[in-house]
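**Q** Got a predicted model here, sequence first, then my questions.
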Amino acid sequence: MKAARWYGVKDVRVEEIPEQQVKPGMVKIRVEWCGICGTDLHEYLAGPIFLPSKEPHPLTNEKVPLVLGHEFAGEIVEIGESVTKFKVGDRVAVEPILNCGECGACRSGIYNLCEKLGFHGLAGGGGGFSEYTVVKENMVHKLPDQMSYEQGAMVEPAAVAVHAIRQSKLQVGDKVAVFGAGPIGLLTIQAAKAAGASQIIAVELSEERREFAQKVGADIVLDPKSVDVVKEIQTLTNGGVDVSFEVAGVERVLNQAIESAKFDGQIIIVSVWEKAATILPNSLVLKEREMKGILGYRDIFPEVIQLIANGSIKAEELITKKINIDHIIEEGFETLVKEKSHVKILVSPRAFYLT
């Protein structure tokens, strides 16, 4: 079968690899669509970050080269022994978290903070950038009949945004700022709106993405090149927002997100950082602001699927391009690097989907 595997920086190869065999408690999925995640792009440009390169991952016993892709949906084509919740033909999205089930976080039910955390499509075991992949039964979630596979591929990134909202102190009527209007930032805007935010301010450098932010529900969109965003937000909100979401992974932006929160406000860090960042602790202390990080999601996929199915989150509006796996480098990774007009590019490993 065809698959896209990471070998090194800017070295992702589409090649033929053997199909995985179904084991007890697992299902084989024919992948329909898989999104290129910001994490995939970071691995392409500067990896390995999450990919195990020197030592095999403790949960998969695999290391690079590995199949990429963790935002995907498809059809179950084979089930292993002891699988009871699914049947051949079921349309599903995959929650790609791999966890040990034994560490303190896992025993507490907070499996996304597992000491050995991995992701299907980053840590081994297969991935969504392949014609077929095999996952455990508990990683699979059925899609309603009215949901497309394209929408199904957007469940994973939408889950990150919804988890960020649920882990925040956001209440109905609160004011929110979202710093960064990439895919997760845009989904965070939609999730905040669905949660009842009364005013959503988006901050984004890219003109195209500012337009997307307005389209998906931001009430005010600010260009940090044109205005002092901290002063502007404080003026617009009479002192600062209740919750500020940092979704850019840039030190200066993190500090802007902190200063834009009101006294006793909250800053949620959604980005995964490649390097250290400096903040002034007094920015938190003197205003009694609270800063919290979130990682991925947990116990949330069924709810996110319903939010997309009922139109509360219009994740499909972020899909700007659909390509075949043969074009994943130039029309996928390189396009996302060069063209900020693109938000989410979906990849089909199946030959009949063409650009």
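**A** Right, received. Where do you want to start? Numbers count the residues shown, from 1 in each chain.

**Q** Which residue ranges of the stretch 1-150 of the chain form helices?
**A** Counting by DSSP state H, counting those that start in this stretch, the segments of the stretch 1-150 of the chain that form helices are 38-46, 104-107, 149-153.

**Q** for those helices, which one sits closest to Phe301?
**A** helix 149-153 (10.6 Å; C-beta to C-beta). Heads up, the C-betas are built off the backbone N, CA and C, glycines and all.

**Q** Can you show me the CA trace of the closest one as PDB?
**A** Taking Å, rounded to 0.1, in the frame of the first residue of the first chain, the C-alpha atoms of helix 149-153 are listed here in PDB:
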ATOM      1  CA  TYR A 149     -15.300  11.900   5.700                       C
ATOM      2  CA  GLU A 150     -13.900  15.400   5.200                       C
ATOM      3  CA  GLN A 151     -15.600  16.600   8.300                       C
ATOM      4  CA  GLY A 152     -14.500  13.400  10.000                       C
ATOM      5  CA  ALA A 153     -10.900  14.300   9.300                       C
END
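
**Q** Which elements pack onto it?
**A** With contacts taken as 3 or more C-beta pairs under 8 Å, 6 or more residues apart in numbering; DSSP states H and E, helix 149-153 sits against strand 26-35, strand 71-79, strand 91-94, helix 301-309.

**Q** List of residues touching the second one?
**A** To tie it back to what came earlier, the one meant is strand 71-79. In this structure, residues lying in contact with strand 71-79 by C-beta atoms under 8 Å, 6 or more residues apart in numbering are 22, 26-37, 86-94, 96, 121, 128, 132-133, 140, 143, 149-157.

**Q** Report the buried residues of stretch 314-321.
**A** Judged by neighbour count using 16 or more other C-beta atoms under 10 Å, the buried positions of stretch 314-321 are 314-316, 318-321.

**Q** what's the residue nearest to Phe333 when sequence neighbours are not counted in contact with, if anything?
**A** Taking C-beta to C-beta, 6 or more residues apart in numbering as the measure, Phe333 lies nearest to Tyr44, with 4.8 Å between them; neighbours along the chain are not counted. Applying C-beta under 8 Å, 6+ apart, one finds that Tyr44 lies in contact with 6, 9-10, 12, 333.

**Q** Which single one of the residues you listed is nearest to Arg350?
**A** The shortest distance between Arg350 and any of the contacts of Tyr44, using C-beta to C-beta, involves Val12 and amounts to 18.4 Å.

**Q** I'd say that closest one and Leu68 touch.
**A** Yes: with contacts defined as C-beta atoms under 8 Å, Val12 counts as touching Leu68 at a distance of 6.8 Å.

**Q** So those two - more neighbours on which side?
**A** The residue with more neighbours, out of Val12 and Leu68 and counting by other C-beta atoms under 10 Å, is Leu68; that gives 28 against 21.

**Q** Got the phi and psi for that one?
**A** According to degrees, to the nearest 10, the main-chain angles of Leu68 amount to phi -90, psi 170.

**Q** Mind listing what's buried along stretch 6-15?
**A** Going by 16+ other C-beta under 10 Å, stretch 6-15 has these buried residues: 6, 12, 14.

**Q** residues in contact with it?
**A** 2-5, 43-48, 51, 64-66, 68, 325-326, 328-329, 333.

**Q** ok, 6 Å please
**A** The contact list for stretch 6-15, computed with C-beta atoms under 6 Å, 6 or more residues apart in numbering, reads 4-5, 43, 51, 64-66, 68, 325.

**Q** This protein - how does it break down into domains?
**A** The record assigns the chain these domain ranges, following automatic domain parsing: 2-142+314-348, 161-293.

**Q** among those, which is nearest Asp299?
**A** Distances from Asp299 to each of these were compared using C-beta to C-beta; the shortest belongs to domain 2-142+314-348, at 7.6 Å.

**Q** and that closest one, how far out from the chain's middle?
**A** With C-alpha atoms, centre = their mean, to the nearest Å as the basis, domain 2-142+314-348 stands 12 Å off its chain's centre.

**Q** With stretch 187-206 instead?
**A** Counting by C-alpha atoms, centre = their mean, stretch 187-206 is centred 16 Å from the centre of its parent chain.

**Q** CA atoms only for that stretch, dumped as CSV, please.
**A** C-alpha atoms of stretch 187-206 as CSV (Å, rounded to 0.1, in the frame of the first residue of the first chain):
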residue,chain,number,x,y,z
LEU,A,187,-11.4,26.3,15.5
THR,A,188,-10.9,27.9,18.9
ILE,A,189,-12.8,30.9,17.7
GLN,A,190,-15.7,28.7,16.7
ALA,A,191,-15.5,26.7,19.9
ALA,A,192,-15.5,29.9,22.0
LYS,A,193,-18.6,31.1,20.1
ALA,A,194,-20.4,27.8,20.6
ALA,A,195,-19.6,28.1,24.3
GLY,A,196,-21.3,31.5,24.5
ALA,A,197,-18.5,34.1,24.4
SER,A,198,-20.0,37.5,23.9
GLN,A,199,-17.0,39.1,22.1
ILE,A,200,-14.2,37.3,20.3
ILE,A,201,-11.1,39.3,19.2
ALA,A,202,-8.7,37.6,16.8
VAL,A,203,-5.1,38.7,16.4
GLU,A,204,-3.3,37.5,13.2
LEU,A,205,-0.5,38.7,10.9
SER,A,206,-1.8,37.1,7.7
